[in-house]
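>>> okay, here's the prediction I keep looking at, along with the sequence it came from:
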Amino acid sequence: MSSQKVMLDSRLHGDKITEDPVIVQNTWTLAHDWGEEERCPAETSEKNNKVDELDQCNKFVGKDDNQTVKVHYHGSRVPSMGLRGIKSRRYFPFKQGSLFIATLRVGSEGIQMTVDGKHIKSFAYRETLEPWLASEVRISGDVKLISVLASGLPTSEDSDHTVDIEALKSVHLSLQRPVDLFIGVFSTANNFKRRMAVRRTWMQYPEVRSGTVVVRFSCEFLSLRIAII
C-alpha cells in the first residue's frame, strides 16, 4: 500500500501569503510529494464548490464579524462605566488561548471538518487519494492538540481485501433478545489488525451474528454496561 498523508494546518498568525488567519489542507504521496494547497478562506473569490453538499469553505470564515463591546477610557471627562462601541474583527473558528472541539468526518466525496458543531471546511478526495489508503492524518500549526477520540470502524486496508463494512460491525443489543454469552476483548487503538482478524473470523459465527453471543472490545464496555442496566 502506498504511503499517503492528509494535512490540516491552522495558521492563526498567517503565513507568507497572508497576515490573516487561514486553514490550509493538503495531501502528500510518495510519488507526487505535496499537492496544491487548499486554503480557507481562499486567496481569490473563486466558486465555492460543494463536497457532500457542503461548502469547501464556510462563507463566514475570514468575513468581518462586528461585535458590540465596552470601550473604557481613563480620562476624567468619561464616566467610569465606559462607552459602548463597535469593534470589528474577522471570524475564524480557532482563537488563541481558547479550547475548541474539532471533528473530522470521512464522507463519500471528501473529508468534512466541524468546529464546535459548525461546519467549517470540506476537503474533496483527490485522484490518488482514497479514504482507506490514507496512512496518516497530520494536524499542525498554531494549535495544541490535547486529546484525540476516534470513533467508527476504520477501513485502512488494501482495497483488494475490502469487504462489506456492516458485516464486520458488532450486532446491536436488543432488550427483546436474550443474551447467552458475553465476550469482552481487551484492545488498544494500535491493535487495528488484530481486531479486524477477530471480526473476520469467529465474529462471523451465526451465534455472534444473531446476537445470542455478544462480543465487545474494551472501548465499547461503557456503552454496553449502560445498555444492560
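Arrived safely.

>>> mind giving me the domain split of this protein?
What the TED database lists as the domains of the chain is 4-64+89-143, 165-219.

>>> any idea which helix or strand carries residue 112?
Using DSSP states H and E, residue 112 falls within strand 110-115.

>>> CA atoms only for the very next helix or strand once past that strand, dumped as CSV, please.
The helix or strand immediately downstream of strand 110-115 is strand 118-124, counting by DSSP H and E. What follows is strand 118-124 as a C-alpha-only set of coordinates in CSV (Å, rounded to 0.1, in the frame of the first residue of the first chain):
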residue,chain,number,x,y,z
LYS,A,118,-20.3,24.3,13.0
HIS,A,119,-19.2,23.2,9.5
ILE,A,120,-16.0,25.0,8.6
LYS,A,121,-14.1,23.2,5.8
SER,A,122,-14.5,20.4,3.3
PHE,A,123,-11.6,18.7,1.5
ALA,A,124,-12.5,16.7,-1.6
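
>>> other SSEs contacting strand 118-124?
With contacts defined as 3 or more Cβ pairs under 8 Å, 6 or more residues apart in numbering; DSSP states H and E, the packing partners of strand 118-124 are strand 22-29, strand 38-40, strand 50-51, strand 54-55, strand 110-115. From N, CA and C alone the C-beta is placed, and that goes for glycine too.

>>> that one - what's its average pLDDT?
Average pLDDT, strand 118-124: 92.

>>> would residue 62 count as being in a strand?
No. Under DSSP: H, G, I helix; E, B strand; the rest coil, residue 62 falls outside any strand and is assigned coil.

>>> now what about stretch 100-118, what contacts it?
6, 8, 51-52, 54, 58, 93-94, 119-125, 131, 137 (Cβ atoms under 8 Å, 6 or more residues apart in numbering).

>>> show me what counts as buried in it.
Buried positions in stretch 100-118, judged by neighbour count with 16 or more other Cβ atoms under 10 Å: 102, 107, 110, 111, 112, 113, 114, 115.

>>> and which of these is nearest residue 199?
residue 107 (23.2 Å; Cβ to Cβ).

>>> next one: that closest one from residue 125, what distance?
To residue 125, residue 107 is 9 Å away according to Cβ to Cβ, to the nearest Å.

>>> ok, residue 8 next?
15 Å.

>>> hang on, the earlier thing: quick check: which of the domains of the chain is buried the most?
domain 4-64+89-143 (a mean of 15; mean count of other Cβ atoms under 10 Å).

>>> gap between residue 96 and residue 54?
From residue 96 to residue 54 the distance is 27 Å (Cβ to Cβ).

>>> what bridges to residue 8?
Taking DSSP bridges as the rule, residue 8 bridges to residue 25, residue 139.

>>> that one contacts residue 140, correct?
Yes. Here residue 8 reaches residue 140: they are 7.5 Å apart, a contact under Cβ atoms under 8 Å.

>>> please enumerate the strands of the protein.
Applying DSSP state E to the chain gives strands spanning 4-11, 22-29, 33-34, 38-40, 50-51, 54-55, 64-71, 83-90, 102-106, 110-115, 118-124, 136-141, 181-185, 213-217.

>>> for those strands, could you give me a markdown table that also reports distance to residue 175?
A markdown table is the format used below for those (distance: least, Cβ to Cβ, whole Å):
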| stretch | distance to residue 175 |
| --- | --- |
| strand 4-11 | 41 |
| strand 22-29 | 44 |
| strand 33-34 | 52 |
| strand 38-40 | 45 |
| strand 50-51 | 39 |
| strand 54-55 | 37 |
| strand 64-71 | 48 |
| strand 83-90 | 51 |
| strand 102-106 | 30 |
| strand 110-115 | 33 |
| strand 118-124 | 36 |
| strand 136-141 | 38 |
| strand 181-185 | 15 |
| strand 213-217 | 13 |
